[in-house]
Structures are given as structure tokens and as C-alpha cells.
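Q: coords please:
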Amino acid sequence: MDGDWSDALRELAVRMAGTDVEWMLVGSAATALHGAAIEPGDIDVAVSTSAGVRTAATVLPSRTDRSSPTDALWFSSLDEPTLTFDDPGRARWTFGRWTLAGFTVELAHIDSPAPTDLLVETPAGAVWSERSVLDWNGTQIPVVPVEVQLATMIFRDQPDRLRATLTAVDPASLDVGLLRRALAGREAGGAALHVPDVLRERLTSTEHRAERGRGRRGR
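A: Just a heads-up that it's a prediction; the model follows:
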């Protein structure tokens, strides 16, 4: 689909500003907003509640007719503004897809059976208390923390995106506690994560400083 993701994101932020919907940019667009040199294929947005997706549908430009049989993707329409479905992992989605500035924008709320205290990128839970707001050329964009995204990239084995993000983000600026929680959230299912050396060094050096501090206090 032809269009510019930055124009689409700006229009999305303007439309959502008129609602009380709690939302957060995730996926490749969030990575790009953190400074990584990647080109988003679409805009993915997490919404904190299923009702929030339905509210968003009232301010986003739904089609007047359902998608035609020749469409490769389903798009929100006035007759069917959102979909609710279960995925194979037993998570329940409330979902909508729109076109803004010629670009595809997808909003979703995911009710997951995973523990709500896990710090992962998309399912409802702990990530909502950690979202940040970036001033993007004068537009306020709520966005998933880059530490959470790094854990997602490691978990999904996305080396190109991981390298692009680590090139854009100074490891010294990362919130180590947040990164550690995000990695633990991804390891909770039993996955063994291959953490890049630059992040492992950051985690280890911070841990060593904390241990030295505890040692001095114990004298």
C-alpha cells in the first residue's frame, strides 16, 4: 500500500487525542520512533481494553462497505468495525485495521492467559505501567519502552532489527532494571534467550556495581 508511515502516525495521534482510549505504539513503527533505521511495513498499536478498540473505531475512517473478496486483507467497515477472535495460543483479540494517509494501521487489544505481571510487548498487563510518551516533532506519541522491544527482538530472533536498534540506542542509556524484567518475561515460557554481548555487558556491569554497593554498606 502506497503511503507514508509518519503521516499516518501523525493522523492517528490527532484522531486518538479526541478520545479517552489508552493506546501505545508497538512493533516496527515504535522501533523506528526510537531511532532505528528501519522502514515500517505498517503501524501496530496496542490498546489497553477491548472497549478501547471499539471506541477507536468511531474516530478512524472505516470503509463504507466490507472488504471485497479480492482484498488480500480484511479492513474495518461501518458494518464490521472490529473483529474478535481467538488465536492458537488461546489469547482473545479485539482487532481493527484501517488506512490512514495511504498506510495500513492496525489496533488490537489482546487478552492473554499469560501472567499479567510479565513485561512483554503486546498482551495486556505490566507493560502499560511502563509505557513512555515521546515528543515526536511536536506530536505526543505513547510508545512501548525500547527495553521491552529489545527483549522481543531477542525472543523472536530478529538480528537485523536488533542491530539497527542497538546502533540507534546507546546501551548506557537503557533502564537495566526494565531490560532485565523484559528478558525475564520472555524467558518465563522456558525459552533460552541469546542476549547480545553489548547488552549482557550492560546487565553484568550494573549487577557488579550493585554488589559492590551492598558490600560497602555491609562493612
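
Q: mind checking the SS state of the nearest residue to Ala126 once chain neighbours are set aside?
A: Nearest residue to Ala126, sequence neighbours excluded (C-beta to C-beta, 6 or more residues apart in numbering): Leu119, at 4.8 Å. (Glycine included, C-beta is placed from N, CA and C.) Under DSSP: H, G, I helix; E, B strand; the rest coil, Leu119 falls in the coil class.

Q: Leu119: how many residues sit nearby?
A: The tally of other residues near Leu119 (other C-beta atoms under 10 Å) stands at 23.

Q: One more: the one 3 residues further on?
A: Under the neighbour criterion other C-beta under 10 Å, Thr122 is assigned a count of 21.

Q: pLDDT below threshold where in this structure?
A: The chain contains residues with pLDDT under 70 at 1-2, 66-71, 124, 206-219.

Q: Try it again at 50.
A: Where the chain drops to pLDDT under 50, the residues are 1, 208-216, 219.

Q: what about the residue nearest to the spatial centre of the chain, distance to Asp197?
A: Geometric centre of the chain, nearest residue: Val26, 2.1 Å, by C-alpha atoms, centre = their mean. To Asp197, Val26 is 26 Å away according to C-beta to C-beta, to the nearest Å.

Q: phi, psi of the nearest residue to Ala172 once chain neighbours are set aside?
A: Excluding the flanking residues, the one nearest Ala172 by C-beta to C-beta, 6+ apart is Arg202, at 7.3 Å. Dihedral pair for Arg202: phi -60, psi -40, per degrees, to the nearest 10.

Q: Against Val176, how distant is Arg202?
A: 6 Å.

Q: for the residue nearest to Ala126, what are its contacts?
A: With contacts defined as C-beta atoms under 8 Å, 6 or more residues apart in numbering, Leu119 is in contact with Gly125, Ala126, Val127, Glu130, Val148, Ala151, Leu178, Arg181, Ala182, Ala184, Gly185.
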